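Visitor: Below is the structure, and that's it, no one-letter string:
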Ligand code: SF4
């Protein structure tokens, strides 16, 4: 029997040269052929290790001048944490063995760069060994605009304050057609790429994300991942790629889809996207992360056989997906994460934000409690 996937497409995948045409072909092959190719590439790149990070999300405000139609987190009667409240959350995370705090929030109308640098400086002062992963490209852009300074200057000030890495969120779908419908006041595709590129050039590594399963076409998804690959070729600054399935509840875009009988993605769509991400990004980005909050624990476990090698964080306090209808929990203990990695036939390894294993010889960062 002839192989379902032609040799030249497999070769290009191994060489990191998958084309858009290849991806369109791969979308038509039996799904388990696609998963098998992604799984082989994962095995060759990272072996059988599945990583996770012990971290805490701190969403310091849900008040926002943004108008994103997919957002269920924003609220006009919302909260703003002050620095002592943020530090209290950090202290709790630190005492539970977190190696990272991920700090993001809405876009407050009356803040400037000093607001953001004060948060970073305060956390670094009290917890110098904790990794600060903070502020999306949209927040950096907002801070720069509010302060009438350049993006480079905003990044420099955040870096001087102690920012370690940045989340590559606010990417949604990197297509201005899609953005003009789902997030018209958010930064444009070229502006997102500009902030990310400038961060990488300043030595700040970032993650990369895609939020899929709403109004975008399949081709727009593929173009998005290929754009991420192009940026990575120039900068080498992405640590991981994180597909995030759209959560359709409690938001305008989701309401309109549900009226038309659409409920975001099927599990099969999700697994195919993970597999395609591994294939398109092979040799460029080693780490493909599944979000157990979005997928649910069992589908996240299956994704480990479709190209995924990282399960993200324990999170401790996830608010953004849960406000949009996720019922998969806001915290998973390291013990449970390790259990479901092992029961998937893989080897769990706790990592830090930059993918260095956290070992017992590093007592400042090794997780202590192993249970919730
Ligand atoms: S997604 Fe972010 S920027 Fe957009 S409205 Fe929600 S909080 Fe604001």
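Guide: Cool, the structure landed. What you are looking at is a predicted structure, and each value in this text was computed from that prediction instead of being measured. Numbering: from 1, shown residues only.
Visitor: Do stretch 192-208 and the ligand come into contact?
Guide: No. Counting by Cβ under 6 Å from any ligand atom, the ligand has no neighbours in stretch 192-208; the shortest distance is 12.3 Å. The C-beta positions use only the backbone N, C-alpha and C, and glycine is treated the same way.
Visitor: Buried residues, that stretch. List them.
Guide: Within stretch 192-208, the residues scored as buried using 16 or more other Cβ atoms under 10 Å are 192-200, 204-208.
Visitor: Please flag which of those sit within helices.
Guide: Those of the buried residues of stretch 192-208 mapping onto helices are 192, 193, 194, 195, 196, 197, 198, 199, 200, per DSSP state H.
Visitor: Not counting residues beside it along the chain, what's closest to residue 103?
Guide: Nearest non-adjacent residue to residue 103, counting by Cβ to Cβ, 6 or more residues apart in numbering: residue 134, 3.9 Å away.
Visitor: Need phi/psi at that neighbour.
Guide: phi -150, psi 150 (degrees, to the nearest 10).
Visitor: check contacts around it.
Guide: 101, 102, 103, 104, 116, 119, 120, 158, 163, 166, 167 (Cβ atoms under 8 Å, 6 or more residues apart in numbering).
Visitor: Need the per-residue pLDDT for the last one.
Guide: Model confidence at residue 167, expressed as pLDDT, equals 98.
Visitor: and what of the one 5 residues further on?
Guide: Among the per-residue scores, residue 172 holds a pLDDT of 98.
Visitor: That one: which element?
Guide: Residue 172 is part of no helix or strand, with elements assigned from DSSP states H and E.
Visitor: So it sits against residue 186, correct?
Guide: Yes. Residue 172 lies in contact with residue 186 (Cβ atoms under 8 Å); the separation is 7.4 Å.
Visitor: Compare the two (neighbour count), which wins?
Guide: When residue 172 and residue 186 are compared for neighbours, residue 172 comes out ahead with 25 against 22, by other Cβ atoms under 10 Å.
Visitor: Between the contacts of residue 134, which sits nearest the ligand?
Guide: Nearest to the ligand among these is residue 104, at 8.2 Å by Cβ to the nearest ligand atom.
Visitor: Name the residues of the chain found near the ligand, please.
Guide: 64, 66, 68, 71, 73, 74, 106, 107, 138.
Visitor: Wait, a helix at the last one?
Guide: Yes. The assignment for residue 138 (DSSP: H, G, I helix; E, B strand; the rest coil) places it in a helix.
Visitor: how about it, what does it touch?
Guide: 66, 107, 169, 170, 186, 187, 192.
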